[in-house]
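1. From the sequence below, what's the structure:
(2 chains)
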Amino acid sequence: MTAFHAGAPCGYSADMSTNRQLAEVFTQMALALELTGANAFRVNAHNRAARVCADLTDDLAQLVEREGDDAAQVLSAIDGIGKATASKIIEFVRTGEVKEHGRLMNEVPAGLFDVLAVPGLGPKTVKLMWDELGIVDLQGVKNAIEDDSILTLPRMGAKTVANITDAITFMETAGDRTRIGIALPLAEALVETMSQVKGVKRIQYAGSLRRGTETIGDIDLLITSADPLRAAEAFRTLPGVNKVLASGETKSSVRMSLPDGGAIQVDLRIVEQPAYEAALMYFTGSKQHNIRMRQRAIDRGLRLNEYGLFPEPPDPDAPPQKQNVTPVALTEQAIYEALDLPWIPPELREESVKLDGFDAAALIDLGDITSDLHTHTTASDGSMSIDQLADLAVAHGYHTVAVTDHSVSQPIANGLSADRLREHIQAIRTANERRSDITILAGSEVDILADGRLDYDDDLLAELDIVIASPHSALRQEPKAATSRLLRAITHPLVHIIGHPTGRYIGKRPGLSPDMPTLFAAAAEHDTALEVNAHWSRLDLRDTHIRAAAAAGSKLSINTDAHHADGMDVIRYGILAARRAGLDRDACINTWSAEALRTWLTRKR
DNA sequence: GCCGTTTTCGGCCCGACTGTTTTCAGTCG
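-> This next block holds a predicted model:
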């Protein structure tokens, strides 16, 4: 989901793609509609439109341009986009604005978006603050707390005010969503610690973490326990907990410190043993997936909630689990089956994913990976020797590792001059001949310069076993320039793989926004693989791109870009992204046998 | 605002927790 960065409701930075700009427009419209008391479903439709725009692989600007008079029809065919949204998208592409968006922005003070972003403050309360107290920004809330005028609002007591104060402080100090590479190890440590607590039987993390999303809002832990009170108490007093947000019979919420100085919310849900899997399914989400499943249940005369899948209960207005109704299904497997679906892997439980759009038997998994084709040694900016790198790859069970140090235009990464690369190639070949336990390929991560030229001469590139071409600089260039730049590298006869194609850093810099369908088609035609850089700060290509690339027939290569001894561990994040894309293992060259890989590499030599 | 092998109108998932209330509104996921 697109994070809304409050405080900047107008104006878009030049390095934002049209899709992201439109996502922000619809998000802002949804917020403004909430504050003006619009129909909740209309609000929801705008939020949905925002998600669809953010996740769409096709660049909306190019799509509208390409389709001309048919644009409205093509857009309306996309799930979640109707006539009204389509015309707003077209209006935005052609005029650079959406009139209704501008009107709403004039109507609603920009500062109220910040107020709405405070955890615990929803549209009803914020609207009340605005209407009754004239509050238009965060400072206004603080002032109203200071002079106690906030207490004149209905249902506003001392405790609520204290929570608001705390939430504002939290918001002003904590960062955005947490990247999966930070959240997943923490969640695993929490699962380990909590599983030691007496009485705890089953424990697992759920939520977006189980779905493998690239960033995580909060961590959801689900447990069954013979001693729920003890488990909840143990949870609320874990080391690192700096605030208890909620403590009920079945749910506790805390805020925990992160190693990088940030904080994250962790929820513990305690459920009864029989309902464990139904609860796991429910808390895994996504929200949209749950809604689809519940609707599917209703269509079949059933009721799905976190306690199980039930027949229609005698009293339709009361929860079925409280009416002595025998559930139809309790396990994830059985629930999906009863809804006429195969078990859907958590990574594919997303709004934009078709329920039958994957082949479970062919879906890529961690165990399929047999090579790492993007790594660094001490020759450039890594900390391992060639042999240490090879040892690491052997420990991961790989048959092949490619040594791909940086090229000359990366002086900051100690990029290799042509002469140093020739020496390095020799050192790699010597190491390779010495070892029988693994194949070490002599490669390079060669820079794609701003105009698409590569950083070494073709003669030198031809000496290498494998060439990865990656963009490292000029990452703010216009989409058209980025497209032709990357196209030039994709069509280069000596290039095997395009490394981290957009150059993004999640939450830090957006990277290039080339026209992806054009790149994917070219990659397929020229048999150039596109990288899924597995590092959790990159995940580049991202999940939706991987899906579209594979659909276009391009090959993918999932690599770790390892620089250090723990560098290959991040492969799991690349696999999660690929599974979210529904990627078949055969489309990923890192799953191939040594022979198949060698044959494919030598085709470009 | 979106959507439709019952529908182009009338639906749109459902339950827990909190804080304020004496039965529930607001928020969250």
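
2. What about the closest residue to DNA strand B within the stretch 151-300 of chain A, how many residues nearby?
-> Closest to DNA strand B within the stretch 151-300 of chain A is A:G157: 1.9 Å, counting by Cβ to the nearest atom of the strand. Using the backbone N, CA and C atoms, a C-beta is placed for each residue, glycine as well. Neighbour count for A:G157, taken as other Cβ atoms under 10 Å: 9.

3. Not including adjacent chain positions, what is the nearest residue to it?
-> Spatial nearest neighbour of A:G157, excluding adjacent residues (Cβ to Cβ, 6 or more residues apart in numbering): A:L151 at 7.5 Å.

4. what's the domain layout of chain A?
-> A:9-173, A:178-270, A:278-358, A:366-602 (automatic domain parsing).

5. Output those domains in JSON lines; the columns should cover mean pLDDT.
-> Below are these laid out as JSON lines (pLDDT from 0 to 100):
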{"stretch": "domain A:9-173", "mean pLDDT": "88"}
{"stretch": "domain A:178-270", "mean pLDDT": "91"}
{"stretch": "domain A:278-358", "mean pLDDT": "88"}
{"stretch": "domain A:366-602", "mean pLDDT": "95"}
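
6. Pick the most deeply packed of these.
-> Of all the domains of chain A, domain A:366-602 has the most neighbours on average by mean count of other Cβ atoms under 10 Å, namely a mean of 20.

7. Would you mind measuring the gap between the ends of that one?
-> Criterion Cα to Cα, to the nearest Å; first-to-last residue distance in domain A:366-602 is 26 Å.

8. go on, stretch A:546-556?
-> One end of stretch A:546-556 to the other measures 8 Å (Cα to Cα).

9. before we move on, what about stretch A:105-113?
-> 10 Å.

10. ok, is it in contact with DNA strand B or not?
-> No: against DNA strand B, stretch A:105-113 shows no contacts by Cβ under 7 Å from any atom of the strand, the least distance being 12.1 Å.

11. Surely A:T284 is in contact with A:R211?
-> Yes: using Cβ atoms under 8 Å, A:T284 is in contact with A:R211, at 6.5 Å.

12. list residues touching both of these two?
-> A:346, A:349 (Cβ atoms under 8 Å, 6 or more residues apart in numbering).

13. Tell me how far the residue nearest to the spatial centre of chain A lies from A:S17.
-> For chain A, the residue nearest the mean C-alpha position is A:E214 (2.8 Å; Cα atoms, centre = their mean). Distance of A:E214 to A:S17, computed by Cβ to Cβ, to the nearest Å: 17 Å.

14. try A:L116
-> Note on A:L116: its distance to A:S17, by Cβ to Cβ, is 25 Å.

15. In this structure the residue nearest to A:G157 contacts A:K159, no?
-> No: A:L151 is beyond contact range of A:K159, at 11.5 Å (criterion: Cβ under 8 Å).

16. Now the terminal residues of stretch A:132-147, how far apart.
-> Criterion Cα to Cα; first-to-last residue distance in stretch A:132-147 is 15 Å.

17. Quick one: distance of it to the chain centre.
-> Relative to its parent chain, stretch A:132-147 has a centroid offset of 35 Å by Cα atoms, centre = their mean, to the nearest Å.

18. ditto for stretch A:578-592
-> The answer for stretch A:578-592 is 17 Å, by Cα atoms, centre = their mean.

19. With only the CA atoms kept, save that stretch in CSV.
-> In CSV, the C-alpha atoms belonging to stretch A:578-592 read as follows (Å, rounded to 0.1, in the frame of the first residue of the first chain):
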residue,chain,number,x,y,z
ALA,A,578,9.3,-13.5,-6.7
ARG,A,579,6.6,-15.6,-5.0
ARG,A,580,4.4,-12.5,-4.6
ALA,A,581,4.8,-12.2,-8.4
GLY,A,582,3.7,-15.9,-8.8
LEU,A,583,7.0,-16.6,-10.6
ASP,A,584,7.6,-20.1,-11.9
ARG,A,585,11.0,-21.5,-11.0
ASP,A,586,11.9,-22.1,-14.7
ALA,A,587,11.7,-18.4,-15.5
CYS,A,588,14.5,-17.8,-13.0
ILE,A,589,18.0,-18.6,-14.3
ASN,A,590,19.3,-19.1,-10.8
THR,A,591,17.3,-22.4,-10.5
TRP,A,592,18.9,-23.9,-13.6
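
20. Report the secondary structure state of A:L441.
-> strand (DSSP: H, G, I helix; E, B strand; the rest coil).

21. which ones are touching it?
-> Counting by Cβ under 8 Å, 6+ apart, A:L441 touches A:373, A:400-403, A:428, A:432, A:465-466, A:601.

22. Mind doing that once more with 7 Å?
-> A:400, A:402-403, A:465-466 (Cβ atoms under 7 Å, 6 or more residues apart in numbering).

23. Got phi/psi on the residue nearest to A:G157?
-> For A:L151, the backbone dihedrals are phi -70, psi -10 (criterion: degrees, to the nearest 10).

24. tell me which parts of the stretch 301-450 of chain A are close to DNA strand B?
-> Proximity of the stretch 301-450 of chain A to DNA strand B is confined to A:303-307, A:319-320 under the rule Cβ under 7 Å from any atom of the strand.

25. I'd guessed A:Y336 sits against A:P345; true?
-> No: here A:Y336 lies out of contact with A:P345, judged by Cβ atoms under 7 Å, at a distance of 10.7 Å.

26. if I look at A:I428, how far off is DNA strand B?
-> 49 Å (Cβ to the nearest atom of the strand, to the nearest Å).

27. where's that residue, which helix or strand?
-> Assessed by DSSP states H and E, A:I428 sits inside helix A:418-434.

28. Who are the packing partners of that helix?
-> If contacts are counted by 3 or more Cβ pairs under 7 Å, 6 or more residues apart in numbering; DSSP states H and E, helix A:418-434 sits against helix A:386-395, strand A:439-447, helix A:458-463.
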